[in-house]
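Novice: The sequence isn't on hand, but the structure is:
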């Protein structure tokens, strides 16, 4: 059974930075496409960033482009989300997720595509 465990969330002032980590176990991490999603209270779960299984192809939502970066470390079974210049509207629970059998070179942006999910980590950005 694949397990995904997020860490690195917390409270930060606007303009600050955080790096989220998602450690995977119980499967073949290098074969998974990965994604980061976020969900604010009363809102849908939205894609933030996604990576192909190699990490060579990535996607970043327009709202975070230029500020957030996804990176996939297959040697350490971990995917990261580096977040810079944080804004209050970035406040949400952040989830990592995995697609078990992705097409080579593909990333995925729709939540229903993902097979495994972490428990989430809270990010709060104060103004």
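Specialist: The structure has been received and is ready for your questions. Here the structure is a predicted model, which is why all the values come from computation and not from measurement.

Novice: separation between residue 17 and residue 87?
Specialist: Separation of residue 17 from residue 87 (CB to CB, to the nearest Å): 12 Å. Every residue, glycine included, has its C-beta placed from N, CA and C.

Novice: Show me which of those two is the more surrounded one.
Specialist: Each of residue 17 and residue 87 had its neighbours counted (other CB atoms under 10 Å), and the higher figure belongs to residue 87 (14 against 11).

Novice: give the contact list for that one.
Specialist: 14, 125 (CB atoms under 8 Å, 6 or more residues apart in numbering).

Novice: Ramachandran coordinates for it?
Specialist: phi -120, psi 160 (degrees, to the nearest 10).

Novice: State the pLDDT value of it.
Specialist: pLDDT, residue 87: 98.

Novice: distance from the centroid: which residue in the protein tops it?
Specialist: Distance to the chain centre peaks in the chain at residue 127, reaching 23.1 Å (criterion: CA atoms, centre = their mean).

Novice: how about it, what does it touch?
Specialist: 14, 88.

Novice: For it, give me the pLDDT.
Specialist: pLDDT for residue 127: 94.

Novice: From residue 41, how far off is it?
Specialist: In terms of CB to CB, residue 127 sits 17 Å off from residue 41.
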